[in-house]
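**Q** No sequence on hand, only this structure:
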């Protein structure tokens, strides 16, 4: 396999002695060009779509969240696996993780979802993450949480939820969050995405989010390196 390219971009072209000899550098890792014989290959994905159906999602937010789930299901291939979890103060694994055979099955599972109850956001996310447990090196595993982020039941502390997102990331399960509605909790949703190694999106309607989902799925399919670690070793100074 061709090695990636490491690009170092210093913020300043030079430093003076009174700056203490420190310089800030942006480190970028550039993936190699994909070989022609690999371009037709599809990287399998394991997705858990976690939908907030609590009372605060009543009406348009829940409708748009379910449209998002349907759109994502339509984008998956038979090589992919999908789980769908819905929650309010109770958590329901609507579709256990299974190969993506037909989007029609997902649409049917969503047909009778109604809003109501408090918001056990962590419980819903955790159920989705547990569906993806098992470190499969050749498969991408990601929770996509669709919610207004108004957690008010179960574990609600942002710092504690962040720790769980980080722990699952260490086991190969990342988290993307999707904020819906006008009053979504931006702090919680961004914190979960950052700790979980995923993306954070916001939209009033599903149409606002379709391009973002398409881009994310294409990125996951073209992923070159995971669990990347970079260690910089300074060259020993030379004294004349």
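**A** Alright, I've got the coordinates. All of these numbers come straight from a predicted model, not from anything done at the bench.

**Q** I'd say residue 128 and residue 46 touch.
**A** No: when contacts are counted by C-beta atoms under 8 Å, residue 128 is not listed as touching residue 46 (10.7 Å). Just so you know, the C-beta spots here come from the backbone N, C-alpha and C atoms, and that holds for glycine as well.

**Q** Of the two, give the one with the bigger neighbour count.
**A** Comparing residue 128 with residue 46 by other C-beta atoms under 10 Å, the one with more neighbours is residue 128, at 28 against 21.

**Q** How about the contacts made by that one?
**A** 48, 49, 50, 83, 85, 143, 145 (C-beta atoms under 8 Å, 6 or more residues apart in numbering).

**Q** Now do the SS call for the closest residue to it other than its chain neighbours.
**A** Distance criterion C-beta to C-beta, 6 or more residues apart in numbering; nearest residue to residue 128, sequence neighbours excluded, is residue 48 at 3.5 Å. At residue 48 the chain is in strand, as set by DSSP: H, G, I helix; E, B strand; the rest coil.

**Q** is residue 48 in a bridge, and if so with what?
**A** Beta-bridge partners for residue 48, by DSSP bridges, are residue 83, residue 143.

**Q** State the number of residues packed around it.
**A** For residue 48, the neighbour count with other C-beta under 10 Å is 27.

**Q** can you check the one 10 residues further on too?
**A** When neighbours are counted by other C-beta under 10 Å, residue 58 registers 14.

**Q** Phi and psi next, for it.
**A** Note on residue 58: its backbone torsions stand at phi -60, psi 140 [degrees, to the nearest 10].

**Q** Longest helix in this structure, please.
**A** helix 60-75 (DSSP state H).

**Q** buried residues in that one?
**A** 61-69, 71-73, 75 (16 or more other C-beta atoms under 10 Å).

**Q** Now tabulate the residues you listed in CSV and tack on distance to residue 231.
**A** Shown next, in CSV, are these (distance: C-beta to C-beta, whole Å):
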residue, distance to residue 231
61, 44
62, 46
63, 48
64, 44
65, 41
66, 45
67, 44
68, 39
69, 40
71, 40
72, 36
73, 40
75, 37
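
**Q** Tell me the one of those residues nearest residue 117?
**A** residue 62 (12.0 Å; C-beta to C-beta).

**Q** Which pLDDT value does the model give that closest one?
**A** Per-residue confidence (pLDDT) for residue 62: 95.

**Q** Make sure it is actually in contact with residue 55.
**A** No: shown here, residue 62 and residue 55 do not form a contact pair, counting by C-beta under 8 Å, at 9.9 Å.
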